[in-house]
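Chemist: Need a 3D model of the following:
(one chain, ligands or ions: 1)
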Amino acid sequence: LSRRDRVFFALPLLDTAMSNRPFSPNALAGKVCIVTGGASGIGYATVKAFLQAGAKGVTIVDLSADAINRAIDALAQELGAEVKDRLYACAGDVSQEETAERYVQETIRQFHRLDISVQCAGISLPSTDVADLKVSDWDKTMGVNLRGVFLGVQQSIRGILETPRGDGEGGDAAIVLVSSQLGLDGYAGSAAYSASKFALRGLMSSVAQEVGPKGIRVNAVCPGPIETPMLEGFSAEGHLTKGNIKRAGKPEEVAYAILFLASEASSYMCGSSLKVDAGWSKWC
Ligand code: NAD
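Modeler: Next up, the predicted model:
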């Protein structure tokens with residue numbers, strides 16, 4: 001490499017080091033992304049990481065317009081007002097069929113393409129032994145965590161394939177599903193949640209085989225206990241130390257793994273479940 005080329009290649013790394021970002025500011029340059037559940041916790045941290053990685057546009061999908069607008073204001077506060085131009089709000093319940101169709105079509109209308117879809121919206125109802133689990137709670141959990149993700153994946157694939165790409169195929173597109181360490185091991189009192197997160201990996205694995213050959217990589221992350229509003233409703237005390245790092249994870253520690261799976265840094269990964277749980281799950 002010439003001296004000029006060395007400087008050119010070093011610049012993004014320097015920028016990364018100076019800005020406290022553990023990834024290149026160009027990792028998602030030009031990419032248009034959807035993040036469901038993006039108003040809070042892991043989803044919010046993912047939107048932030050995507051913006052910092054240079055995403056052209058990010059649609060935040062969440063239940064309430066107010067929550068999304070608060071998230072957009074917080075992102076503008078953290079990253080600068082210019083990020084508002086790269087954000088789009090889409091309120092809706094992901095378990096409803098029309099929501100997924102709407103957020104995909106509105107994203108394409110707003111930013112003219114779709115490259116990345118992160119299915120992060122999820123719920124965890126209070127811990128209950130299966131003998132006492134209400135059928136309505138089972139249905140609600142499956143509705144958001146599994147049906148909502150199926151609908152989002154289906155519509156995202158359609159939207160990504162609509163997007164014109166240089167090579168005539170899907171190009172470098174990615175879908176990331178947010179499963180859980182409980183989707184690898186299960187957990188007493190969390191039958192519905194665990195079952196939904198196991199099933200989500202089955203969905204991921206099948207879909208990866210269908211669309212991987214078309215240039216859409218599909219993978220999942222399996223976080224351990226992460227400090228978000230969801231963890232407040234989950235009796236994880238005493239279990240936080242089960243991993244090899246004796247604390248709960250931070251939302252951005254999952255967001256960086258999602259960014260990795262969304263970016264070309266993971267270009268040979270399709271059909272993988274990536275654990276981000278400090279080694280709590282003993283599954284490989
Ligand atoms: P969170 O509660 O902070 O965020 C979840 C977001 O999803 C919220 O903004 C919520 O409004 C949204 N949402 C819920 N139901 C929705 C619906 N029907 N339609 C649209 N949006 C909806 O929780 P989090 O911890 O950031 O969770 C994000 C994902 O990570 C979830 O799928 C969760 O199961 C998974 N996860 C979390 C942990 C953890 O310990 N926090 C561990 C493993 C996996």
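Chemist: Show me what secondary structure element comes after the helix ranked longest in the chain.
Modeler: The residue-count maximum for a helix in the chain (DSSP state H) belongs to helix 191-211. Of the helices and strands lying after helix 191-211 in sequence (DSSP states H and E), the nearest is strand 216-223.
Chemist: Show me how far that next one is from its chain's centre.
Modeler: 8 Å (CA atoms, centre = their mean, to the nearest Å).
Chemist: Is the longest helix of the chain positioned near the ligand?
Modeler: No. Contact of helix 191-211 with the ligand (CB under 6 Å from any ligand atom) is absent, the minimum separation being 6.8 Å. Heads up, the C-betas are built off the backbone N, CA and C, glycines and all.
Chemist: number of nearby residues for Gly224?
Modeler: 25 (other CB atoms under 10 Å).
Chemist: thinking again about what came up before, what residues of the longest helix of the chain count as buried?
Modeler: 191-201, 203-205, 207-208, 211 (16 or more other CB atoms under 10 Å).
Chemist: ok, now which ones touch the residue most central in space within the chain?
Modeler: By CA atoms, centre = their mean, the chain has its centre lying nearest to Val118, at 3.6 Å. By CB atoms under 8 Å, 6 or more residues apart in numbering, the contact list for Val118 reads Cys33, Ile34, Val35, Thr36, Gly38, Gly43, Thr46, Ile175, Val176, Val178, Ile258, Ala262.
Chemist: which of the residues you listed lies closest to the ligand?
Modeler: Closest approach to the ligand among these (CB to the nearest ligand atom): Val178, at 4.4 Å.
Chemist: correct me, but the closest one touches Ser124?
Modeler: No. Val178 lies out of contact with Ser124 (CB atoms under 8 Å); the separation is 11.9 Å.
Chemist: neighbouring contacts of stretch 183-193?
Modeler: Under CB under 8 Å, 6+ apart, the answer for stretch 183-193 is 124-125, 127-130, 133, 137-138, 141-142, 145, 180, 182, 194, 196-198, 200-201, 220, 222, 234-235, 273, 275, 280-283.
Chemist: among these, which ones are buried?
Modeler: Buried among the contacts of stretch 183-193 by 16+ other CB under 10 Å: 124-125, 133, 137-138, 141-142, 145, 180, 182, 194, 196-198, 200-201, 220, 222, 234, 273, 275, 280-281.
Chemist: How about the residues of the stretch 151-284 of the chain by the ligand?
Modeler: Near the ligand, when you scan the stretch 151-284 of the chain using CB under 6 Å from any ligand atom, you find Val178, Ser180, Pro223, Pro225, Ile226, Thr228, Pro229, Met230, Leu231.
Chemist: just checking, the third one touches Leu177?
Modeler: Think Pro223. No. With contact defined as CB under 8 Å, Pro223 does not reach Leu177; the gap is 11.7 Å.
Chemist: Gly143: what secondary structure?
Modeler: helix (DSSP: H, G, I helix; E, B strand; the rest coil).
Chemist: Neighbours of it, how many?
Modeler: The burial count for Gly143: 16, using other CB under 10 Å.
Chemist: Confirm for me that it is in contact with Ala121.
Modeler: No. Using CB under 8 Å, Gly143 is not in contact with Ala121; the gap is 11.1 Å.
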